[in-house]
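Colleague: my questions are about this predicted structure, shown below with the sequence.
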There are 4 protein chains.
Amino acid sequence: MIRTAEQYVESLNDGRVIYLNGEKIPDITKHPSFRGPINARAMSYILYYHPEFKDLLTVEEDGDRFLFLWKQPKTSEDLVKRRDLYITCMRWGAAMSGMGPDALAASGVVAARMDKNLGTNYTEAIEDYRKHLKEKDPAITGAITDVKGNRGMRPSAQEQHQDFYVRVVDRQKDGIYVRGAKMHISATPTANELIVSPCRGHREEDKDYAVVFATPINAKGITLLTSPPYYSETGEEAEWNWPASGRYAGVSECMIVFDDVFVPWNRVFMCGEWQYSRDQAWMFGVFHRLFGTCHKVISTEEAAGVAALMAEYNGLDRYPHIQEKLAWLAMHAQMVDAMSRAGCEIPDYFEDIGLAAPNLMYTNIAKYIFANDQHETSKIVADITGGIASTVFSYKDWMNPEERPYIEKYLAGKNGVPTEHRLRAVRLAKDLIGHGHDGAFIHTEGSLAAQKMAMYAAADWDRYKAIAKRIAGIPGWKESETLKDLPDWPTEMIVK
Amino acid sequence: MIRTAEQYVESLNDGRVIYLNGEKIPDITKHPSFRGPINARAMSYILYYHPEFKDLLTVEEDGDRFLFLWKQPKTSEDLVKRRDLYITCMRWGAAMSGMGPDALAASGVVAARMDKNLGTNYTEAIEDYRKHLKEKDPAITGAITDVKGNRGMRPSAQEQHQDFYVRVVDRQKDGIYVRGAKMHISATPTANELIVSPCRGHREEDKDYAVVFATPINAKGITLLTSPPYYSETGEEAEWNWPASGRYAGVSECMIVFDDVFVPWNRVFMCGEWQYSRDQAWMFGVFHRLFGTCHKVISTEEAAGVAALMAEYNGLDRYPHIQEKLAWLAMHAQMVDAMSRAGCEIPDYFEDIGLAAPNLMYTNIAKYIFANDQHETSKIVADITGGIASTVFSYKDWMNPEERPYIEKYLAGKNGVPTEHRLRAVRLAKDLIGHGHDGAFIHTEGSLAAQKMAMYAAADWDRYKAIAKRIAGIPGWKESETLKDLPDWPTEMIVK
Amino acid sequence: MIRTAEQYVESLNDGRVIYLNGEKIPDITKHPSFRGPINARAMSYILYYHPEFKDLLTVEEDGDRFLFLWKQPKTSEDLVKRRDLYITCMRWGAAMSGMGPDALAASGVVAARMDKNLGTNYTEAIEDYRKHLKEKDPAITGAITDVKGNRGMRPSAQEQHQDFYVRVVDRQKDGIYVRGAKMHISATPTANELIVSPCRGHREEDKDYAVVFATPINAKGITLLTSPPYYSETGEEAEWNWPASGRYAGVSECMIVFDDVFVPWNRVFMCGEWQYSRDQAWMFGVFHRLFGTCHKVISTEEAAGVAALMAEYNGLDRYPHIQEKLAWLAMHAQMVDAMSRAGCEIPDYFEDIGLAAPNLMYTNIAKYIFANDQHETSKIVADITGGIASTVFSYKDWMNPEERPYIEKYLAGKNGVPTEHRLRAVRLAKDLIGHGHDGAFIHTEGSLAAQKMAMYAAADWDRYKAIAKRIAGIPGWKESETLKDLPDWPTEMIVK
Amino acid sequence: MIRTAEQYVESLNDGRVIYLNGEKIPDITKHPSFRGPINARAMSYILYYHPEFKDLLTVEEDGDRFLFLWKQPKTSEDLVKRRDLYITCMRWGAAMSGMGPDALAASGVVAARMDKNLGTNYTEAIEDYRKHLKEKDPAITGAITDVKGNRGMRPSAQEQHQDFYVRVVDRQKDGIYVRGAKMHISATPTANELIVSPCRGHREEDKDYAVVFATPINAKGITLLTSPPYYSETGEEAEWNWPASGRYAGVSECMIVFDDVFVPWNRVFMCGEWQYSRDQAWMFGVFHRLFGTCHKVISTEEAAGVAALMAEYNGLDRYPHIQEKLAWLAMHAQMVDAMSRAGCEIPDYFEDIGLAAPNLMYTNIAKYIFANDQHETSKIVADITGGIASTVFSYKDWMNPEERPYIEKYLAGKNGVPTEHRLRAVRLAKDLIGHGHDGAFIHTEGSLAAQKMAMYAAADWDRYKAIAKRIAGIPGWKESETLKDLPDWPTEMIVK
């Protein structure tokens, strides 16, 4: 089934234990700070029923319709569609959280591998969970990053306590008990359930930390501490002051505390198989970096667009040094898009288990380049927009009839552009480059170091070395698949 | 005289017309948003009386004591002292606005030049103003950046109206009337008076825009529109959430509207000498960039410090890739400091008028490198701090007795570091790299393009070309001062 | 027909006037400095007959076989095949000059446009030339860059003489006479004919410079001044010392002087249509940048490969900071490849004339990123290889029986790697990063500025601005093709 | 004494065993490839007698005159003079090798420390050596970098043999025997003697590698393998083709093989004190990086100069995007100069031993920035010069009377600039950015990683952390020397 937007919203008043800015919130659907994000996610439910987008976002099987994301990707087409789905929702402004579906897809791959190699039965639990997702249509998210304590120590070697990474504290006949806390988990207040996975590889001594499971968010023992929002305005004021994030964003990330939470076995997808933790983390990584690149296809285009608008409104779009900067922004947006798309068009196929994942190299490249250049992007937008991105007036200034004539007169730009349009463009620029977004963007979906490791792992070093060996006259290049069909250098050249 | 801090604060309740966030403020000394910046500036008055700093900050002449900054710099020592003065105040947290003193120093240079070359008498007006400053000790600021309208058009060619740059609209026997608006003017609410100068060069047709003058801020016809503050908290909450800016910052920048404001001739330092507008803008630029580099000596050290603290608290300070990033931050801080100091130690002397200014090349280099690398600085701090700089909890969360145990337990870092210390360091990192500071920093004291132009102008191209010519065997190098004493290449070499 | 390698070589002894390093060369097929490049180009003739590559490189039509590149690209498939063809030849080491075929393809596009818009008949001349190419199979190149004189002046405004850009000096009934000189023209000594086109846009006063034509290289009045080679070794010594360029490279670029050279009308593809010069230059640019990206798919992989080999041979491939640098090289190679491929897979279609060209945005991105990062690539390879890339010994040292034991013993790297292998890898690194290649690479196929202009021109600014307008609440976004189908923001949100 | 240039040259024919490009050279003073470097070094002897430079370069004590560099630096003035001395020689074109004097200064520091801490007597040997230097005036160099083998293993852990780092193989009553090989040792063919030091820190098991000593270059058992020169031209042709390096450069770097070479105890400055190897390597590093920065004061100015010339000759010096690039080059040159100078003006004083060394932080910054931006420098020079830096004609082309008219006519630039001047400037640009110089420059005086380590070590982390703590409200900042005098935050602020 696909729930209606109203059913979805109602379901969030489920008794969950949640705090925001020092306040315990009894029902988030009534609190102004949660209104934006709930509406944004509710919008995706509207799209599921939209005649134009329905077939992209949902699937009909056996007379029932459910979210396309509940299916395990097996082909390039599945991944291209997944990408289109994410981008389409984001373009409209509908929050489509990738954390949950990406954790589900990663678990599908790793469970199949564990079952094949170890003889476990995790795929069965996952299939059971998929059935539940199709029937009940819960909104889900995925919890990966642990709070970590001393970053220089492994989970089981931590000195202050053993709970810096989520772990199994008890195993019973009907299920397990888990303890710990996950951090920076996006889209949590707007979710009904979540899938929890490890964020790193493990050794045998860490095996209690090798645990993957799904749980309702209102389960006993779960406490949500919401990260305070960037701004305190609400409603029309928020939308005017923060055009990109003020309508539907607001609060999103939570620290999720697990105080000995019970999880039944049919929701446990890994438990102790420490050799597969790294695989789970990497699989989630590549699926979720695909999601991240979709987000940044949107945000890099917004950056190019607002810079182009500001150049125009400031009367500067004819100057070569401005065009050069704009060209960089367009190049950047197109590269993120093309590399992200290539990751779906040429996926990594896992032939042993018949599944597919986004191409490890291309997807990490797409993620790395936007993250690595996020600060450069902001710098260029700030440079073109001018100091006014720091000092621009607010909704309340604009609404004050004594101030407005001064603002109208003096903040005008190029002739023919209403001052209000220029102001709105400045507020958008301010929203996109302020609030510490830049720092957040280099960490979401894994830090820069994580992508570099993945790219190193994904690179075809044997091929590159063979190419160099062939030219340098070092034996061994014939073993390379790429080069093996090339003719030898002609032994007898034409001209002696 | 030197006023006491109390006298200073009292003087700000002077009937000025000032708005903040849509609200007209009758007395800023009573408004919580202005408390921080007023206190910060008041602190400089405490330092003036402090036995240890008194002789750095003030001068005693003829039995009276006044601010050292009222004197016109003539030597390297004057400039080194000016720099020490700025840095000392900033290190303590005392706001010492450079806008006013820097505009005063620039005017001193340009007035002397105009008087010498054109036979004007502006130096007399400036001396009269200095006398007033010494006697009354007003807090001053300087207003440079105009609102500009279409950036692709000169002041007098603007299409919508003629007031996008401040200009003289009437000349009378006793003084002039000025109209227009200045933008992004720092330290305005906490000032009593301000010096207004042009921000660009002019042609003859723009001569009404070639105007420099001083005026009280509560003069008839002046309206201040304050840029809204970054945050809405006040008091202890602001200090906890925003350790760097929450105590003494808050509001600072204003758009200053001049509605036909009257200025008597003894406060007019340029009026129509369009050939000297560029000189005024460049002189202000180099003095104020020196000030900016002082500010960034402080901020780059803070960035290095907080990154080092976070590396330590996260248990990562032993890792080479972290040390490499920290080394970059330390290098950056030391380069800004050394280049800024070199700008004072080897100043530009103007022998015709017996005055000195910070070295154009070195000072612009110091300003350029911190501004150009501001985003890189933030990127590194964000990288080392982690995603928590985006999602960290607030004062109110920390004060909530139900949330605190979770935060205490789960946000702990390295063993032995109290969680509160780590939280405070994270809040400092968040404060330093968020709020769109990066964008502001590339525009304060002139955009990056302005420094590049100045460096190009300051470079000794004749010398560089002579060096290249000498090696390339192209005649003409002997005319260079640097090379002229070098012996010719030996015509007869030892080994033939 | 397809000539044999022997026929090809013979044809180069055609009486052409050619100089190298101050020497007039009567027959280049007998001169050691030309042996490498002639052999390299001769190799492509071997590939034309190779059973595995024949169908990629050549086409059979009406019982005759000819080079695939003589066909005008009309589809994505044509462009993908063109790219595969270039890459395949280069991988083997066969020189496949793109200059000529790219000029031909550009002329095909522009001639069709001129004929359609101006009623000219240039397509007929081009078809006649294609017939000649298919029948006689000459090796061709393309001459674009003029010598330019004062870069700040247009062709007809040059002060010293009017011949800094190739121009028509006389028009006769049977043909035209041209004068001027082209510079940096690759693959000229190894070509039989060449196509000459303008390198920039023109105004009406420059219309004599708007000329495109084909000519044999041994035509009366043509003089070739060959750029001196990078190295003076030949034969085995050259191959050992310079593994990448010493076998088949050597000399390539020429200044081609046209001293009133006659060109018959059936070889003239533009003559005076100054409005189309820019189009011709841009079309050549995008076709030839595709070629350039093929070349750099090869060279970026070589750089990644030799760096990986050196890391291994030096015993450093386990270190994270080395892996991070290697990951960058792999990322760079994969991005160049993927963006170049995207340029063929999603080409620009010209519906009015039924032709296709490589995607202007993607192709310029691919070219820009390798050129812009060429110095960074060399820096990383140099960093990993070590100082030995500067100081490594030569073939003659290695062959000296007294020196070799010292070299064998002391230049050994990791245990198990023969010293000779390490030496060969070092020589390859030295070859790839020395000789001023870096500077050459940023200028081949157009300078960085040229790509930035092209990217600015190719960017879909209306779309980007519409995206920004939609979010900022500025009217006008509905006119964008990308956004027009998106639903409006829900006027009534679920949660009020 | 100070030898004459003639005496110096004669002394190089001393029976040394030296190879170049596979050839054993019986007397280097007769070989054309050594003529340039010998002349260049001989020039410094001319300067010693030059009335204007004599007092900068030499010292008179007790009626005898000797090289200033034989004295151990104790003050800022000594270091400033050392820097001036190096720069003056280099500006003239006189090769003044820093390797030897820098190794001597480093040994002076470390010997004093060992003697003080361990009770050794190395200072006595060093004083004896200084006496010899003053009396005999040999030209010396310093050998640091070992051949290293597997870079991932310590000296004593190498698998293939134990000689990848120079080591003591025997200790006798009268002296020691050493074996191994040093690599990339500059200025070796033109030196009479050399000082050998370790290039890294050691552990106890490596103590045989902790050895510092001086030896004549023609000592029994020493074999020199010279790195082949960049170019093969000599005389006027070399000077025309390679204006920067063709006159006096040529060959310089050697691999120096030590086949059980005997060193008497009065030339041994460390032998087994493995705890001080790192100190020796770091002291040499900082002294020699000062030297390197002098070299780059010269080379960065040359780069700025040739780029400015080319911009002028190409008619482009009025364009903002060219001026922006030139400004960067000037900025870079000035920063290298200022940071290098700061390293001498504010040295590190070692109070325990009464000696001084260049400031570790500033000197490493100066070295790091030029090395890190060397490729960027070349990129800008290449960008402004144009593709002609790759394809420019040679001396022999220019001298050919048939080619010259074409070159004269077509390679002309801006009106009024002789074509020959433009050609010479292009050749200079080609010389500066080609030959793999860029790669060499990042490795000379230690790789980039070495500077980063040094900067991390030199940074005042306690101070930076204290600054951050003070703002963040974390206790402990009062312990910092910089902050301890600052007043506490006012407990009672003016405005409550």
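Modeller: That came through fine. What you see is a predicted model; the values in this text were computed from it and never measured. Numbers count the residues shown, from 1 in each chain, chains lettered A, B, ... in the order given.
Colleague: how about the contacts made by the closest residue to chain D within the stretch 101-250 of chain A?
Modeller: Going by CB to the nearest CB, chain D is nearest to A:Gly152 of the stretch 101-250 of chain A, at 17.2 Å. C-beta: built from backbone N, CA, C; applies to glycine. Shown in contact with A:Gly152 (CB atoms under 8 Å, 6 or more residues apart in numbering or on different chains): B:Asn314, B:Gly315, B:Leu316, B:Arg318, B:Tyr319, B:Lys414.
Colleague: that one should be in a strand, yeah?
Modeller: No. With DSSP: H, G, I helix; E, B strand; the rest coil as the criterion, A:Gly152 is located in coil rather than a strand.
Colleague: now do the phi/psi pair for it.
Modeller: The phi/psi pair for A:Gly152 (degrees, to the nearest 10) reads phi -90, psi 0.
Colleague: just give me the neighbour total for the residue nearest to A:Glu481 when sequence neighbours are not counted.
Modeller: Using CB to CB, 6 or more residues apart in numbering or on different chains and skipping residues adjacent in sequence, the residue nearest A:Glu481 is A:Arg463, 7.3 Å away. Residues lying near A:Arg463 (other CB atoms under 10 Å in any protein chain shown) number 18.
Colleague: low-confidence regions, chain A specifically.
Modeller: Residues of chain A meeting the criterion pLDDT under 70: A:248-249, A:490-493, A:496.
Colleague: and the strands in it?
Modeller: Using DSSP state E, the strands of chain A run over A:17-20, A:23-24, A:58-61, A:64-67, A:140-143, A:167-171, A:175-185, A:193-196, A:211-216, A:222-226, A:254-264, A:268-271, A:348-350, A:355-357.
Colleague: so of those, which one's packed in deepest?
Modeller: strand A:140-143 (a mean of 28; mean count of other CB atoms under 10 Å in any protein chain shown).
Colleague: quick one: contacts of it?
Modeller: Under CB under 8 Å, 6+ apart, the answer for strand A:140-143 is A:97, A:99-104, A:133, A:166, A:182, A:185-188, A:191-197, A:214, A:256, A:284, A:288.
Colleague: parallel or antiparallel, which strands does that strand pair with?
Modeller: strand A:193-196 (parallel) (DSSP bridges).
Colleague: neighbouring contacts of the partner strand?
Modeller: Contacts of strand A:193-196 (CB under 8 Å, 6+ apart): A:99-100, A:103-104, A:107, A:138-143, A:166, A:178, A:182, A:185, A:188, A:211-217, A:256, A:258, A:269.
Colleague: just the helices from the stretch 51-200 of chain A, written as ranges.
Modeller: A:54-57, A:76-92, A:99-118, A:122-136 (DSSP state H, counting those that start in this stretch).
Colleague: check whether the top helix by length along chain A comes near chain C.
Modeller: Using DSSP state H, we find that the single longest helix of chain A is helix A:277-313. Yes. For helix A:277-313, a contact with chain C is found by CB under 8 Å from any CB of the partner chain, at A:Glu301, A:Glu302, A:Ala304, A:Gly305, A:Val306, A:Ala308, A:Leu309, A:Glu312.
Colleague: measure how buried the first one is and give me the count.
Modeller: So that's A:Glu301. Counted with other CB under 10 Å, the neighbours of A:Glu301 add up to 25.
Colleague: ok, it - contacts?
Modeller: If you count contacts by CB under 8 Å, 6+ apart, then A:Glu301 has A:Ala333, C:Arg463, C:Tyr464, C:Ile467 around it.
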